[in-house]
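Colleague: Compute the structure for the input listed below.
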Amino acid sequence: QMQLVESGGGVVQAGGSLRLSCVASGRTLSHYTASWFRQVPGKDREFVAGIAHNDGIRIVDSVKGRFTISRDNAKNAVYLQMNNLKPEDTAVYYCAASGSTTYYYSYEYDYWGQGTQVTVSS
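Modeller: A predicted model of the protein is given here:
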């Protein structure tokens, strides 16, 4: 089993930045596709960014140029750097890991963190 713990959420003004961290335990995260999803009440969980075991990266168009995803294998962690945040980025952000080469579909992920709230005020 793998446990994922997110941190780094908070309240920030529009235009500000946050860096989310996801630390894994129990398994080697670099062997998995590690991704960030986000969810707002009443909507489905949405893929934001992912990094595969071969370091391939996918980022959803709505955050491209503002968000970057990276991994630190020594720390067994993945990060989401979020710049120029907008009110529409407000959501609970989840870290997830998949044993297959996948990015976009939440049902393909085997492990999930508890989520961290990001609130962007206008």
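Colleague: in the chain, which residue is closest to the centre?
Modeller: Trp36 (2.1 Å; C-alpha atoms, centre = their mean).
Colleague: Quick check: the gap between it and Tyr79.
Modeller: Distance from Trp36 to Tyr79, counting by C-beta to C-beta, to the nearest Å: 9 Å. For every residue, glycine as well, the C-beta is placed using N, CA and C.
Colleague: Common neighbours of the two, please.
Modeller: Contact criterion C-beta atoms under 8 Å, 6 or more residues apart in numbering; residues bridging Trp36 and Tyr79 by contacting each: 20, 22, 69.
Colleague: Tell me the secondary structure at the closest residue to Asn54 other than its chain neighbours.
Modeller: Nearest residue to Asn54, sequence neighbours excluded (C-beta to C-beta, 6 or more residues apart in numbering): Thr101, at 7.8 Å. Recorded secondary structure, Thr101: coil (DSSP: H, G, I helix; E, B strand; the rest coil).
Colleague: Give me the contacts around the host helix or strand of Leu20.
Modeller: For Leu20, the host element (DSSP states H and E) is strand 18-25. Residues from elsewhere that reach strand 18-25 (C-beta under 8 Å, 6+ apart): 2-10, 12, 34, 36, 75-82, 85, 93, 95, 97, 113, 116, 118.
Colleague: Buried among the residues you listed? Need that as a selection in PyMOL.
Modeller: In PyMOL, the members of the contacts of strand 18-25 classed as buried (16 or more other C-beta atoms under 10 Å) are selected with the following command:
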select buried, resi 2+4+6+8+9+12+34+36+76+77+78+79+80+82+85+93+95+97+113+116+118
